[in-house]
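Participant: From the sequence below, what's the structure:
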Amino acid sequence: MKFNQIKYSRGQQIVFVVLACFIVGCFIANWSAKKFGLFNKIIELPTNNNFTPDSTLLTEIKSFEAQLDSFEWQCQREFSPRRQTNLTRERFEFDPNTIDSVDILRLGFQPFMAHNWLQYRRHGGKIYTHKKLRSIYGIDTILVDSLKEFLTFYSIKPEIKDSSTTYKPKEFFTFELNSADTALLCKLPGIGKGRAAMIINLRTTLGGFYSAEQLREIENIPDSIIDKILPYITIELDSLKTIDINHSSIKRLHKHPYISYYQARAIYNLRWDKKHKGKIENLEELLNLKEFSKEDFEKVKNYLRIN
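Facilitator: Residues are numbered from 1 along each chain as shown. Just a heads-up that it's a prediction; the model follows:
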């Protein structure tokens, strides 16, 4: 390809012209500087070591610095969270188990601390000592320590555990577990209103107890308490509420805590297969289902019946 055959676009031609003008301008500037000595002249600033600022200027500078210091102190005072708490802090006796959110804020705690405090109580937490109060998540421990002398515990008394002695009722008695009410259950060692309510709730859900060992399914009652109350318990199986597996839907079967959805569906399908045609003759036929282990069957059989 010959050089004279190369064609450039309009934009490329403009770039070449601008670049050429720039190069020529640089040569001209360099030549002018050398010929006329433009860069050899140095501007000398006047220096005066005896210069003294005006007294008015000094006064204004000092006043400005004082205003800056005052502004910085006010910012620290107004916007510090701890300072804000101190401004509204009050001192009075209070019970940490009954105090409300308004009084917690009056003591100087932040709103989120009051929220955590009340949440701890709502979940059944009890505060027996100031150390227990310090353990609440996010609480201001320094503020808690300063309030130690104002703490009172009128609402509750801490339980005193003595391993050398075992609590026993004044009279030994027995009771039927499936008919006992809250008052009777509360007479047992280690059982209060809360645990009595848990026992009755499980009894209602299951349809009654067939064994006192079922009480161990309640998470909030330790085995040590169960062991203490077992000698007082008797059970009558006639009071159990049972489910007729030949006339119950999958939903009704699954409603029982011991029967999963897949087990309920397996019972329903067994009942309506070609062999049974709507009627299961023997409960032990459930052992032939893969959904039921022997343990599962022993656990649930007392709540099932065939009509």
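Participant: So residue 116 sits against residue 133, correct?
Facilitator: No. Using Cβ atoms under 8 Å, residue 116 is not in contact with residue 133; the gap is 11.2 Å. To be clear about C-beta, it is placed using only N, CA and C from the backbone, and glycine gets the same treatment.
Participant: Pick out whichever of those two has more residues nearby.
Facilitator: The neighbour comparison of residue 116 against residue 133 (other Cβ atoms under 10 Å) goes to residue 133, with 20 against 15.
Participant: Report the contact partners of residue 235.
Facilitator: 176, 177, 178, 209, 210, 211, 212 (Cβ atoms under 8 Å, 6 or more residues apart in numbering).
Participant: Now the common contact residues for residue 116 and residue 133.
Facilitator: residue 139.
Participant: Looking at stretch 264-282 now, give me its mean pLDDT.
Facilitator: Per-residue pLDDT values over stretch 264-282 give a mean of 88.
Participant: Pull out the buried residues from it.
Facilitator: 264, 266, 267, 268, 270, 271, 280 (16 or more other Cβ atoms under 10 Å).
Participant: Quick check, residue 307 in contact with residue 248.
Facilitator: No. In this structure, residue 307 is not within contact of residue 248 by Cβ under 8 Å, at 10.3 Å.
Participant: so what's residue 59 up against?
Facilitator: So residue 59 contacts nothing (Cβ under 8 Å, 6+ apart).
Participant: Confirm that it sits in a strand.
Facilitator: No. Residue 59: not assigned to a strand; according to DSSP: H, G, I helix; E, B strand; the rest coil it is helix.
Participant: how close does the closest residue to residue 260 other than its chain neighbours sit to residue 282?
Facilitator: Distances taken as Cβ to Cβ, 6 or more residues apart in numbering place residue 254 nearest to residue 260, at 7.0 Å, with adjacent residues excluded. Distance, residue 254 to residue 282, by Cβ to Cβ, to the nearest Å: 22 Å.
Participant: and residue 113, what does it touch?
Facilitator: 104, 136, 138, 139, 140.
Participant: separation between residue 209 and residue 23?
Facilitator: Taken as Cβ to Cβ, the span from residue 209 to residue 23 is 104 Å.
Participant: ChimeraX command for the buried members of the contacts of residue 113?
Facilitator: Buried subset of those, written as a ChimeraX selection, criterion 16+ other Cβ under 10 Å:
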select :104,136,139,140
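Participant: Farthest pair within the contacts of residue 113?
Facilitator: Largest separation among the contacts of residue 113 by Cβ to Cβ: 104 and 138, giving 12.7 Å.
Participant: Which parts of the protein belong to which domain?
Facilitator: 82-150, 175-239, 243-305 (automatic domain parsing).
Participant: Same list, those domains, but as CSV with distance to residue 65 please.
Facilitator: Below are those laid out as CSV (distance: least, Cβ to Cβ, whole Å):
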stretch, distance to residue 65
domain 82-150, 24
domain 175-239, 66
domain 243-305, 77
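Participant: Which helix or strand in the chain has the lowest average pLDDT?
Facilitator: In the chain, the helix or strand scored least confidently by mean pLDDT, DSSP states H and E is helix 81-87, which has a mean of 46.
Participant: And the contacts of residue 235, which of them are buried?
Facilitator: Looking at the contacts of residue 235 with 16+ other Cβ under 10 Å, the buried ones turn out to be 177, 178, 209, 210, 212.
Participant: can you give me the strands for this protein?
Facilitator: 175-176, 233-234, 243-244, 304-305 (DSSP state E).
Participant: and the third one, what does it pack onto?
Facilitator: In this case it means strand 243-244. strand 304-305 (3 or more Cβ pairs under 8 Å, 6 or more residues apart in numbering; DSSP states H and E).
Participant: ok, residue 136 touching residue 118?
Facilitator: No. Judged on Cβ under 8 Å, residue 136 makes no contact with residue 118 at a distance of 9.9 Å.
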